[in-house]
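Enquirer: please find the sequence and the predicted model below.
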Amino acid sequence: MINTQTKTKIVSEVERLKGELVELTAGMISIPSVNPTLDSVVKEEVIGGETEVNKFLQPVMEDIGLETDLWEEEEGRANLVGVCKGTGGGHSLIFNGHVDTVAPGPLELWTIAEPYSGKVIDGKIYGRGATDMKGGNAAAIIALKALHNAGYRLKGDVIIETVAGEEMMNTDIGTGAAIQRGYRADAAIVMEPTCAPYRLAIVSTSPGALILAVTIRGKAAHTLLRNELVRAGGLGAEVAVSAVDKALIVYQGMLRLEEEWGQTKSHSAYKRPGSFTICPTTIAGGLGGIAFIPEECYIKYVIWHAPQETQEQVKEEIAAQISRFAQTDAWLRVTPPHLDWQDFWWPPYDLPRDAPICKAATVAYQALFNQTVEPTGFLGVDDASFLNAAGIPAITMGPGTTKIAHTANEYVEIQDLVDAAKLYALTIVEWCGV
């Protein structure tokens, strides 16, 4: 347990470092580090930012006595690991965060502050990556500095990893590469924002994520023949078939399945129903002009599935539903939709909520906020999946809110950063020992 004197000393030291925490977060935000494998960017125009952020962080880590390792699995996409060696006899702990971000999007939507300004307004730091997740990285570094400044020597090792590639699951050059390089510990904390269902939530579970593209074929003709498709006694498929019309049958089928999931898919870590979803992200069709009844329509889905299910189970369920709805239509029965499962599956993780690292974080949370909480489920995904898959029990716990991640005017509240640094420091004390 964390005694009152230790808590008071650590909290006081983090408060003293508040200005440095803000400066460190803003400094990272000011260095653009867009993931170069995003569809929306030109790789050659953005690559290198991940390396630059980690070059910025390396002396910061070294100033508090960490042994650092900066390396690139791919040119311009460096990882940084800092190791604080313990005196022995305690558990080791990894703090893991990514330095890549999504693109800022249309600049005219950034009406409060520019995307790489790191500007402080009304207690918030603005900029791309503020909440996802440069603020969390800064909080972990300041937590360790606070312990160092307060004179505590840790029994267990603490490892801080700021890695490339997470936004597009490039784990082979980021977190996965760090694991392959030999960086392991008794547990890990990923500092992604976890605001729900309570601030700085302790997350023990996440869903899996799949991407599906469905292509529906029709039969093209001039739009003036639309009447043959919609009026009773029209020539119908003899003349044309609107792929968009047929795609809506698939869309309705998936919507019905998503509604069913809201009633039937559950997990003990998720208190709210409807946590697992089938989200259409793109619907496109046509021949590129207004004169054609479209012969093709395309729907792309991101599917967030329950952690206890395998990707094979989910794929079979989705395919069966689409097939069922296709059978209700004469054209789709003979020209069925084509399912293209993308080469992407973000595996879920499901750590027992009474796992030792969950208990340690819960003890720290109680000590800091005088509030009893339970580990909960995450609606998103992060690199905790790959840490858990490698046998390193990992939770997610971080400042900020996913509601504004990836949006224009992204920000992180300074109080969230300060509280996160305090929570991390107290968790280190509880887990690693001093």
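Expert: Perfect, I can see it now.
Enquirer: contacting residues around the closest residue to I179 other than its chain neighbours?
Expert: Of all residues not flanking I179 in the chain, A390 sits nearest, at 4.9 Å (CB to CB, 6 or more residues apart in numbering). In this view, the C-beta of every residue, glycine as well, is placed from N, C-alpha and C. Contact partners of A390, counting by CB atoms under 8 Å, 6 or more residues apart in numbering, are 176, 179, 184.
Enquirer: burial count for the second one?
Expert: Using other CB atoms under 10 Å, I179 is surrounded by 20 other residues.
Enquirer: hang on, it packs against D383?
Expert: No. I179 lies out of contact with D383 (CB atoms under 8 Å); the separation is 9.9 Å.
Enquirer: tell me who's in contact with T111.
Expert: Shown in contact with T111 (CB under 8 Å, 6+ apart): 408-409.
Enquirer: against T8, how distant is P337?
Expert: Distance check for P337 against T8: by CB to CB, to the nearest Å, it reads 63 Å.
Enquirer: the two - which one has more neighbours?
Expert: Neighbour count, other CB under 10 Å: between P337 and T8, P337 has more, with 22 against 10.
Enquirer: so for the more buried one, what's the pLDDT?
Expert: Looking at P337, its pLDDT is 98.
Enquirer: so what does it look like in phi/psi?
Expert: Note on P337: its backbone torsions stand at phi -60, psi 150 [degrees, to the nearest 10].
Enquirer: cool, L339 as well?
Expert: Taking degrees, to the nearest 10, you get phi -100, psi 120 for the backbone angles of L339.
Enquirer: and it, how many neighbours?
Expert: Here the number of neighbours of L339 (other CB under 10 Å) works out to 15.
Enquirer: for the closest residue to T401 other than its chain neighbours, give its distance to E50.
Expert: Nearest residue to T401 in three dimensions, chain neighbours excluded: C195, at 3.9 Å (CB to CB, 6+ apart). Distance check for C195 against E50: by CB to CB, it reads 25 Å.
Enquirer: and if you look at A291?
Expert: Distance, A291 to E50, by CB to CB: 46 Å.
Enquirer: next one: A237
Expert: A237 sits 52 Å away from E50, taking CB to CB as the criterion.
Enquirer: before we move on, what about E413?
Expert: Counting by CB to CB - E413 and E50 are separated by 25 Å.
Enquirer: list phi and psi for the nearest residue to D100 once chain neighbours are set aside.
Expert: The shortest distance from D100 to any non-neighbouring residue, by CB to CB, 6+ apart, is to N35 (4.1 Å). Taking degrees, to the nearest 10, you get phi -60, psi 120 for the backbone angles of N35.
Enquirer: any idea how far N35 lies from R324?
Expert: Using CB to CB, which is the criterion applied here, N35 is 38 Å from R324.
Enquirer: enumerate every residue touching S117.
Expert: So S117 contacts 29-30, 126-127 (CB under 8 Å, 6+ apart).
Enquirer: mind redoing it with 6 Å?
Expert: Neighbour list for S117: G127 [criterion: CB atoms under 6 Å, 6 or more residues apart in numbering].
Enquirer: so which strand or helix has it?
Expert: Assigned by DSSP states H and E, S117 belongs to no helix or strand.
Enquirer: would you map the helices across the stretch 51-200 of the chain?
Expert: In the stretch 51-200 of the chain, the helices defined using DSSP state H, counting those that start in this stretch lie at 135-149, 175-180.
Enquirer: distance to I159 added to those, as JSON lines?
Expert: Putting these into JSON lines (distance: least, CB to CB, whole Å) gives the following:
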{"stretch": "helix 135-149", "distance to I159": "10"}
{"stretch": "helix 175-180", "distance to I159": "9"}
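Enquirer: most packed of those helices?
Expert: helix 135-149 (a mean of 27; mean count of other CB atoms under 10 Å).
Enquirer: follow-up on the earlier one: and C195 and E50? which has more neighbours close in?
Expert: Legend: neighbour count by other CB under 10 Å for C195 and E50, higher for E50 (33 against 19).
Enquirer: so who does the spatially closest residue to that one that is not a sequence neighbour touch?
Expert: Take E50 and drop its neighbours on the chain: the residue closest to it by CB to CB, 6+ apart is A164, 4.1 Å away. For A164, the contacting residues are 50, 77, 79, 100, 173-174, by CB under 6 Å, 6+ apart.
Enquirer: nearest to A188, of the residues you listed?
Expert: Of all the contacts of A164, G174 has the smallest distance to A188: 13.7 Å, by CB to CB.
Enquirer: let me see the contact set for that closest one.
Expert: Contacts of G174 were listed using CB under 6 Å, 6+ apart, and they are 163-166.
Enquirer: what's the farthest-apart pair in the residues you listed?
Expert: Farthest pair in the contacts of G174 (CB to CB) is A164 and E166. Separation: 7.7 Å.
Enquirer: hang on, the earlier thing: which among the helices of the stretch 51-200 of the chain is found nearest to A367?
Expert: That would be helix 135-149 among those, by CB to CB, at 14.1 Å.
Enquirer: where does pLDDT dip in the protein?
Expert: The model of the chain has pLDDT under 70 over residues 287-288.
Enquirer: so what are the domain limits for it?
Expert: Taking automatic domain parsing as the reference, the chain has its domains at 4-206+348-432, 208-346.
Enquirer: most tightly surrounded among these?
Expert: It is domain 4-206+348-432: most buried of those by mean count of other CB under 10 Å, with a mean of 21.
Enquirer: what about that one, start to end distance?
Expert: One end of domain 4-206+348-432 sits 18 Å from the other (CA to CA, to the nearest Å).
Enquirer: all strands of the stretch 301-434 of the chain, in order?
Expert: 338-346, 349-350, 376-377, 394-396, 411-413 (DSSP state E, counting those that start in this stretch).
Enquirer: what sits against the residue nearest to E13 when sequence neighbours are not counted?
Expert: Of all residues not flanking E13 in the chain, A146 sits nearest, at 4.2 Å (CB to CB, 6+ apart). Residues counted as contacts of A146 (CB under 6 Å, 6+ apart) are 10, 13-14, 17, 425.
Enquirer: against I159, how distant is A213?
Expert: To I159, A213 is 39 Å away according to CB to CB.
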